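**Q** Build me a model:
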Amino acid sequence: MALSATSSLPRPPWLERFSARQWVLIDYAIAIFFTTGALVHLFVFPRFPTSTPFAVSRWVFAPFYLLATVPVAFRRRWPVITLILTSAAVAVTTVLGHSLAPAPLIALPLYSVTLTYPRRQSIVAVVLVEAALAVAVVIAWSLGRAQGDVTFNFFLAAATWFIADSIATRRTYLRGLSEQREERQRLEIEEARRAIVEERMAIARELHDVVAHSLSVIAIQSGVGRHVLDTQPDEARKALAAVESTSRSALEELRGVLGVLRRGDDDPVATSPTPDLSDLEELVERIRAAGVPVHVNVTGRVRALPQGLELTIYRIIQEALTNVVKHTASAPTAVEVDYSNDEVVIEVRNEGTLATHEPSSVDVPATRVGTGHGIIGMTERARSFGGTLRTATLDDGGFLVSARLRTKDVS
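**A** Residues are numbered from 1 along each chain as shown. Below is the predicted model of the structure:
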């Protein structure tokens, strides 16, 4: 027979299995036990001195016995009041010639006070109790009424406070460990959620860049092929070849992204090479095949960059050129890539008028995004490398996309 998940968990300590209501009932039982025992001892088996000039009738003790025992039942609800009544009753009975020792009547309410209140207040409580008992013992000795172990309650109070304070300190320590563990778990959950969100955004950017670029090129080439199919069959074949090539390239990239999504935690990572700056010429050729004249100019000290940074540069140029394909009529376009010591500057500038883009003539931080997913994606990519993105409508009606990406301290 299979065991449930909860049955395999360790059980809590025996004392921690009681509920709050059960502990209250236990206090009632203890109070009844002490009260019954005190009254039986008082009236059935009296052992009070009766031959001395200071002899006291047992009926005088009765209310103090009740005052010392009955409040124990309420020590959890009113610990301070219970301690005051019990201590006062024990002190008076000590002065009258019977200290109620060895019954631990003071221990229970003092224990509750020590656990309930901060250490400073519990120290004040135990000091006042000890002072009251000390005064009672001194008076009993001076009047010759000291009977039995009159110092028992004095030492019992000190021992009770020490034990209760140690338990309170341990509980505080364990509670702190539990809070730290819960805080760590909360931070781990938040970190996992943040990682999921970032991964979803990265996948969304990749899908957008691949699909938007490829479909734009395919739409342009298929339109060209349809128009020249009858009059220029050679050009139509070229357009269809470009559609086929672009489709195959897009499918390969989509398979890579979808493979990451389908892969389990234990599955081996099988990914195709991600685009980098070595694929820039192929990208430009596809754009040229779509009817957009593109000129590429690379300046500065060309060097190898981290793979993530090269992918970011490639995607920004790809998205900017895709916008040119979608929103212009074969406008001449210039792509500038400038390598400096600690950054790479990218500019994609085209002539003509863009039909749909939010113009912006000022530099904006990388946290600001435009209205389209393309500009959002480019901005997020620039931000991931501490960069900025600027978009602007030019005087001649053209459009500029400019990005600055940090290369220093990028790993």
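
**Q** Show me the helices in the chain, by range?
**A** 20-43, 58-69, 79-96, 107-116, 119-143, 152-228, 233-262, 280-289, 307-327, 373-384 (DSSP state H).

**Q** Give me the mean pLDDT for the fifth one.
**A** Translated: helix 119-143. Mean per-residue pLDDT for helix 119-143: 87.

**Q** same question, the third one
**A** Per-residue pLDDT values over helix 79-96 give a mean of 88.

**Q** got the angle for that helix vs helix 20-43?
**A** Counting by axes from the mean of the first three to the mean of the last three C-alpha atoms, to 10 degrees, helix 79-96 lies at 10 degrees to helix 20-43.

**Q** Please point out which parts of helix 79-96 sit buried.
**A** Of the residues in helix 79-96, 79, 82-96 count as buried by neighbour count, 16 or more other C-beta atoms under 10 Å. Heads up, the C-betas are built off the backbone N, CA and C, glycines and all.

**Q** Kindly report the same for the fifth one.
**A** Residues 122, 125-126, 129-130, 132-133, 136-137, 140 are the ones in helix 119-143 that count as buried (16+ other C-beta under 10 Å).

**Q** of all those residues, which comes closest to T246?
**A** S122 (79.3 Å; C-beta to C-beta).

**Q** residues near the residue nearest to that closest one when sequence neighbours are not counted, how many?
**A** Among residues not flanking S122 along the chain, T114 sits closest, at 4.3 Å (C-beta to C-beta, 6 or more residues apart in numbering). Neighbours of T114 under the rule other C-beta atoms under 10 Å: 26.

**Q** So T114 is in contact with R171, correct?
**A** No - assessed by C-beta atoms under 8 Å, T114 is found out of contact with R171, at 11.4 Å.

**Q** contacting residues around S245?
**A** Residues in contact with S245 (C-beta atoms under 8 Å, 6 or more residues apart in numbering) are R286.

**Q** Check the gap between it and L251 for me.
**A** Separation of S245 from L251 (C-beta to C-beta, to the nearest Å): 11 Å.

**Q** again with A134
**A** Distance from A134 to L251, by C-beta to C-beta: 92 Å.

**Q** and if you look at E235?
**A** Taking C-beta to C-beta, one finds E235 at 25 Å from L251.

**Q** I'd guessed A140 sits against T94; true?
**A** Yes - contact criterion C-beta under 8 Å: A140 and T94 qualify, at 5.4 Å.

**Q** what residues are up against A157?
**A** 106-107, 110, 126, 129-130, 133.

**Q** ok, the nearest residue to it once chain neighbours are set aside - contacts?
**A** Closest residue in space to A157, ignoring its immediate chain neighbours: V129 at 5.0 Å, by C-beta to C-beta, 6+ apart. Counting by C-beta under 8 Å, 6+ apart, V129 makes contact with 83, 87, 106, 110, 157.

**Q** And the furthest pair within those?
**A** Maximum pairwise distance among the contacts of V129 (C-beta to C-beta): 9.8 Å, between L83 and A157.

**Q** shared neighbours of those two, anything?
**A** 106, 110, 129.

**Q** quick one: which of those is nearest D165?
**A** Nearest to D165 among those, with distances taken as C-beta to C-beta, is L110, at 10.6 Å.

**Q** That closest one and A304: what is the separation?
**A** L110 is 75 Å from A304, by C-beta to C-beta.

**Q** Over to G387?
**A** Distance from G387 to A304, by C-beta to C-beta: 19 Å.

**Q** Is it correct that T379 is in contact with L389?
**A** Yes - with contact defined as C-beta under 8 Å, T379 counts as touching L389 (4.8 Å).

**Q** what bits of the stretch 201-350 of the chain have low per-residue confidence?
**A** For the stretch 201-350 of the chain, applying pLDDT under 70 flags the ranges 209-210, 212-213, 220-221, 224, 253, 256-273, 329.

**Q** domains of the chain?
**A** If you go by automatic domain parsing, the domain ranges for the chain are 14-150, 292-411.

**Q** Out of the ones you listed, which gets nearest to I218?
**A** domain 292-411 (10.2 Å).

**Q** what distance separates that closest one from the middle of the whole chain?
**A** Counting by C-alpha atoms, centre = their mean, to the nearest Å, domain 292-411 is centred 36 Å from the centre of its parent chain.

**Q** Let me know the distance separating S122 from A168.
**A** S122 is 8 Å from A168, by C-beta to C-beta.

**Q** Spell out which residues are contacts of both of those two.
**A** Contacts common to S122 and A168, judged by C-beta under 8 Å, 6+ apart, are T114.

**Q** Let me know the average pLDDT across stretch 352-369.
**A** 41.
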